[in-house]
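Enquirer: structure for this input, please:
(2 chains)
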2 protein chains.
Amino acid sequence: MLRRIERAHRRKPRMRDERITLAHGAGGKATQTLIEAVFLTAFHNPVLARLEDQAVLTVGGARLAFTTDSYVVSPLFFPGGDIGDLAVNGTVNDLAMAGARPLHLSAGFILEEGFPVADLTRIAASMAEAAAAAEVDIVTGDTKVVERGKADGCYITTAGVGVLEHGFALGAGLARPGDAVLVSGPIGEHGTTVLLARGDLDIASELTSDTAPLAGLVAALLDACGGGVRCLRDATRGGVATVLNEIARASDVAVVLDEAAVPVRPEVRGAAELLGIDPLYIACEGRMVAVVDAADAEASLGALRAHPLGEQAAVIGHVVAEPAPLVLCRTGFGGTRIVDVLIGDPLPRIC
Amino acid sequence: MLRRIERAHRRKPRMRDERITLAHGAGGKATQTLIEAVFLTAFHNPVLARLEDQAVLTVGGARLAFTTDSYVVSPLFFPGGDIGDLAVNGTVNDLAMAGARPLHLSAGFILEEGFPVADLTRIAASMAEAAAAAEVDIVTGDTKVVERGKADGCYITTAGVGVLEHGFALGAGLARPGDAVLVSGPIGEHGTTVLLARGDLDIASELTSDTAPLAGLVAALLDACGGGVRCLRDATRGGVATVLNEIARASDVAVVLDEAAVPVRPEVRGAAELLGIDPLYIACEGRMVAVVDAADAEASLGALRAHPLGEQAAVIGHVVAEPAPLVLCRTGFGGTRIVDVLIGDPLPRIC
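Expert: Residues are numbered from 1 along each chain as shown, chains lettered A, B, ... in the order given. Sure, this is the predicted structure:
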């Protein structure tokens, strides 16, 4: 059984679907297949082929990170945030995960005819506040309007440029057997909050999105033990499970999780149980996974916990050589289950 | 009458509309008001406030240009191009207009559930071809999927980074009385082609979009007479009329056009007449306006005409001090009319 899964993981992706489905936007297996079969095939170049959340480039002698993300979250406003701060924080975090200092953002708006100007003003204010908190400027933008029924209020695409000021190499392909796997805080709060805000589940909750800019937390971690950090990834679409599968695949290693060590708030656990979704697959927008040298695990945990956005950081597992490229989870009952790549999209449009 | 228009032009924009209309995406007066009243107010920073089509930044010691554009063109495929090469060329051109050498692009896709994978593959191939022609790489990207009826097949947002390798200052605010105004080729072909491709007008035509990457043309012009070039703008949404109004406003000058000198193909003129639109307002996606020192007008024209994308370049007018900030057009009948900023959106979703 493991053999068959391993073979499936290694097979070159082919696009079997004739039409785009919601799963292609979920960040899991279908997204990966679409990216590899359509975009990598067309745009093939070594930077894109790294399949990181950002490109690291040398431009005019400067080492830069460059990234983009489109935001289609529904609803646009939810407890703890809105599409505006989500779009700013998401791009800031993709830059931060390369160890870059985020500097400048662009913002492209696709608006639906009839969208209230008051809502747009509120979104812009939220973007400005998030940009100020992350110490970035929104320096260029674009606005397009489509007819009623050709969008859903407001979509935003941010791109960002940051500068790499250190020499640390970070990447999903750099994990090694023995490394420790950390998460910077409780998982799944953003996805669960957005889901509850849709009102599909009749649950009252105090839960708020975890959306936050992580560049300061990354800087604290790299300052403390930069040389021992292998890889940083924010656990957005597809959650921690997807990030770990990407790392296992890129590094050709296996990851063993200790389920009991993964921080999950009771509200998230409860909603996930109702929905039949593993919290490991639910998106965060202000949490990251860090893979670090085992020798630096304690120092890394200390550095994360000393920062306001990492107070509940935890070591949640470790890297082993086999069975690559799988993610395994040791359950509370002494068993082990495979945490596979995400199939389908249980939570569409959470970012 | 002129006085009243001048006063209106100088008034600080206020957002009177409660809801977004198609005009807010047209690139004219309503777009300008939206940007100034909502986005500039929220994001206020000196780079954005320049209101150029790109930000010019110093990052890690390098001088960079950074820009973004969202593409919602309908139909997605049209004679001479599609949303893919349009998205690449548009971002390449916004970088080139700052005199930058375009280097790296990002691409964010918002796809509608049910969109044919074959169409996406065709769009990606077209983007790859345009990127190769413009000598840029698509180095990072993102894909989101929304439910049926929440988009119109495929929207693309590209962002781009380029490097400034010369010391020339270019900007819409640098035009001076006496300067010559040039256009790099016949105007309005892109907008007219897209409109005809919709089939709303029963006209058969051989017309194709002018979509093209202009960085090579700009390099040729700057090599020939860089010190004399004041400002470059690609004449996209809102056409040449909108670009000239932006320059007149930013430089506090007036522009006098010689209508007979503006190159317009008969098919464009014919379609424009049927629609009751002045070709000066119809978008190009591979033409630029250049304002140059009068002493360099002939050399600039020669440099443009020597390049395959500028063979039909022309001097179309000149800059005068008064009545700022207006654009005037000398007609074939010896009269003069005001070419005002675009009101409403006669041609929605042409890019």
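
Enquirer: kindly export the longest strand anywhere in chain A (C-alpha atoms) in PDB.
Expert: In chain A, taking DSSP state E as the definition, the longest strand is strand A:101-112. C-alpha atoms of strand A:101-112 as PDB (Å, rounded to 0.1, in the frame of the first residue of the first chain):
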ATOM      1  CA  ARG A 101      12.500  41.900   4.400                       C
ATOM      2  CA  PRO A 102       9.200  42.800   2.600                       C
ATOM      3  CA  LEU A 103       9.400  46.400   1.200                       C
ATOM      4  CA  HIS A 104       7.000  47.200  -1.600                       C
ATOM      5  CA  LEU A 105       3.600  45.900  -2.700                       C
ATOM      6  CA  SER A 106       1.400  46.300  -5.700                       C
ATOM      7  CA  ALA A 107      -2.400  45.800  -5.700                       C
ATOM      8  CA  GLY A 108      -4.600  44.900  -8.700                       C
ATOM      9  CA  PHE A 109      -8.400  45.200  -8.000                       C
ATOM     10  CA  ILE A 110     -11.100  43.500 -10.100                       C
ATOM     11  CA  LEU A 111     -14.400  45.000  -9.000                       C
ATOM     12  CA  GLU A 112     -17.900  44.000  -9.900                       C
END
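
Enquirer: adjacent strands (with direction) for that strand?
Expert: If you go by DSSP bridges, strand A:101-112 pairs up with strand A:137-146 (parallel), strand A:154-163 (antiparallel).

Enquirer: after it comes which helix or strand?
Expert: The helix or strand immediately downstream of strand A:101-112 is helix A:117-134, counting by DSSP states H and E.

Enquirer: tell me which other helices or strands that next one touches.
Expert: Helix A:117-134 sits against strand A:81-82, helix A:83-96, strand A:101-112, strand A:137-146, strand A:154-163, helix B:41-43, with contacts defined as 3 or more Cβ pairs under 8 Å, 6 or more residues apart in numbering or on different chains; DSSP states H and E. Bear in mind the C-beta positions are built from the backbone N, C-alpha and C, glycine included.

Enquirer: would you reformat these as TSV and include mean pLDDT, distance to B:G90 and mean neighbour count?
Expert: Listed next are the helices and strands packed on helix A:117-134 as TSV, based on pLDDT from 0 to 100; distance: least, Cβ to Cβ, whole Å; neighbours: other Cβ atoms under 10 Å in any protein chain shown:
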stretch	mean pLDDT	distance to B:G90	mean neighbour count
strand A:81-82	98	28	24
helix A:83-96	98	20	30
strand A:101-112	98	11	26
strand A:137-146	97	9	25
strand A:154-163	98	14	29
helix B:41-43	95	22	20
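
Enquirer: B:F333 is nearest to which of the ones you listed?
Expert: Nearest of the helices and strands packed on helix A:117-134 to B:F333, taken as Cβ to Cβ: strand A:137-146 at 36.6 Å.

Enquirer: which secondary structure element of chain A has the lowest mean pLDDT?
Expert: Ranked by mean pLDDT, DSSP states H and E, the weakest helix or strand in chain A is helix A:2-10, scoring a mean of 54.

Enquirer: quick one, what contacts A:I35?
Expert: A:I35 makes contacts with A:L51, B:G141, B:T143, as judged by Cβ atoms under 8 Å, 6 or more residues apart in numbering or on different chains.

Enquirer: B:M288: which of these is nearest?
Expert: Nearest to B:M288 among the contacts of A:I35, with distances taken as Cβ to Cβ, is B:G141, at 27.1 Å.

Enquirer: what bridges to the closest one?
Expert: B:A107.

Enquirer: hmm, back to that, closest to B:L182 out of the helices and strands packed on helix A:117-134?
Expert: If you check each of these against B:L182 by Cβ to Cβ, strand A:137-146 wins as the nearest, at 25.4 Å.

Enquirer: tell me the angle of that closest one relative to helix B:83-96?
Expert: Calculated by axes from the mean of the first three to the mean of the last three Cα atoms, to 10 degrees, strand A:137-146 forms an angle of 140 degrees with helix B:83-96.

Enquirer: need the residues of the stretch 251-351 of chain A near chain B, please.
Expert: A:D345, A:P348, A:R349, A:C351 (Cβ under 8 Å from any Cβ of the partner chain).

Enquirer: may I ask which of those has the most neighbours?
Expert: Using other Cβ atoms under 10 Å in any protein chain shown as the neighbour criterion, A:C351 leads those with 25 neighbours.

Enquirer: re the thing from before, any idea of the mean pLDDT for the helix or strand that the least confident helix or strand of chain A is followed by?
Expert: Downstream of helix A:2-10, the first helix or strand assigned by DSSP H and E is helix A:29-34. Averaging pLDDT along helix A:29-34 yields 93.

Enquirer: and helix A:29-34, anywhere near chain B?
Expert: Yes. Helix A:29-34 comes into contact with chain B (Cβ under 8 Å from any Cβ), by way of A:T31, A:L34.

Enquirer: over to stretch A:65-77?
Expert: Yes. Judged by Cβ under 8 Å from any Cβ, stretch A:65-77 and chain B are in contact via A:F66, A:T67, A:T68, A:D69, A:S70, A:Y71, A:V72.

Enquirer: test my guess that the fourth one contacts A:V88.
Expert: Going back to what we said before, that points to A:D69. No. The pair A:D69 / A:V88 is not scored as a contact, 10.2 Å apart, by Cβ atoms under 8 Å.

Enquirer: and for those two, which residues touch both?
Expert: Taking Cβ under 8 Å, 6+ apart as the criterion, A:D69 and A:V88 both touch A:T158.

Enquirer: A strand includes A:L64, no?
Expert: Yes. Assessed by DSSP: H, G, I helix; E, B strand; the rest coil, A:L64 belongs to a strand.

Enquirer: that one pairs with what?
Expert: A:L57, A:V163.

Enquirer: who are the neighbours in contact with it?
Expert: A:V56, A:L57, A:T58, A:A100, A:V161, A:G162, A:V163, A:L164, B:V59, B:G60, B:A62, B:V161.

Enquirer: I'd guessed the second one sits against A:F66; true?
Expert: Yes. Contact criterion Cβ under 8 Å: A:L57 and A:F66 qualify, at 5.9 Å.
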